[in-house]
Every structure is written in structure tokens, then in C-alpha cells.
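Asker: Sharing a model that was predicted from the sequence below.
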Amino acid sequence: MTTVLSKIAAVLRSDRGALSVEYGLILTGIVGVGMAVIAGLTATETTLTGLFTGVNAEIEMPQ
């Protein structure tokens, strides 16, 4: 009887372990995507700032 219970407990534990690993991977993926989006937005913002600075310089002091 104890061996059956311990086997069931082991299965439950392994399932929960697998689930937590899965959730961990999903969360890591979400965080990774979020960081990539933030990095992309920052890069876009920097590019746009550079463009506007260049345009403003051209308007203020035409060559």
C-alpha cells in the first residue's frame, strides 16, 4: 500500500514539476518578448530623435 501511495505521490510531484517548468518557460518567453519590444521601441525612439535632430538642423541652418 505504501509503495502504491509513494508511486502516486511521485507521479503527482513529477507532473507538478513539469508544469512549473512549463510555466517557467512561458513566463521567460513573455519576459523575453517584452524586453525585445522595449529594446525595439528604444531603438526606434533613438532613430526618430536622430532623424528629427537632423531635420531641425537642416531647417535652422540650410547648407
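Answerer: Thanks, I have it.
Asker: and residue 63, what pLDDT?
Answerer: According to the prediction, residue 63 has pLDDT 61.
Asker: same question, residue 28
Answerer: In this model, residue 28 carries a pLDDT of 90.
Asker: Give me the phi and psi for it.
Answerer: phi -60, psi -40 (degrees, to the nearest 10).
Asker: Quick check: it vs residue 2, distance?
Answerer: With distances taken as Cβ to Cβ, to the nearest Å, residue 28 is found 38 Å from residue 2. The way it works is simple: take the backbone N, C-alpha and C, and place the C-beta from them, glycine included.
Asker: for residue 18, same thing?
Answerer: Taking Cβ to Cβ, one finds residue 18 at 24 Å from residue 2.
Asker: Can you name the helix or strand that residue 46 falls in?
Answerer: With elements taken from DSSP states H and E, the one containing residue 46 is helix 2-60.
Asker: just to revisit the earlier point, residue 28 and residue 2: which has the busier surroundings?
Answerer: Neighbours around residue 28 and residue 2, counted as other Cβ atoms under 10 Å, are more numerous at residue 28. The numbers are 10 against 6.
Asker: Tell me the spacing between residue 26 and residue 40.
Answerer: In terms of Cβ to Cβ, residue 26 sits 21 Å off from residue 40.
Asker: Same question for residue 14.
Answerer: Distance from residue 14 to residue 40, by Cβ to Cβ: 39 Å.
Asker: Centroid-nearest residue for this structure?
Answerer: Centroid-nearest residue in the chain: residue 32, 1.9 Å away (criterion: Cα atoms, centre = their mean).
Asker: pLDDT score for that one?
Answerer: Residue 32 is given a pLDDT of 90.
Asker: pLDDT weak spots in this structure?
Answerer: Residue ranges of the chain with pLDDT under 70: 1, 12, 15-16, 61-63.
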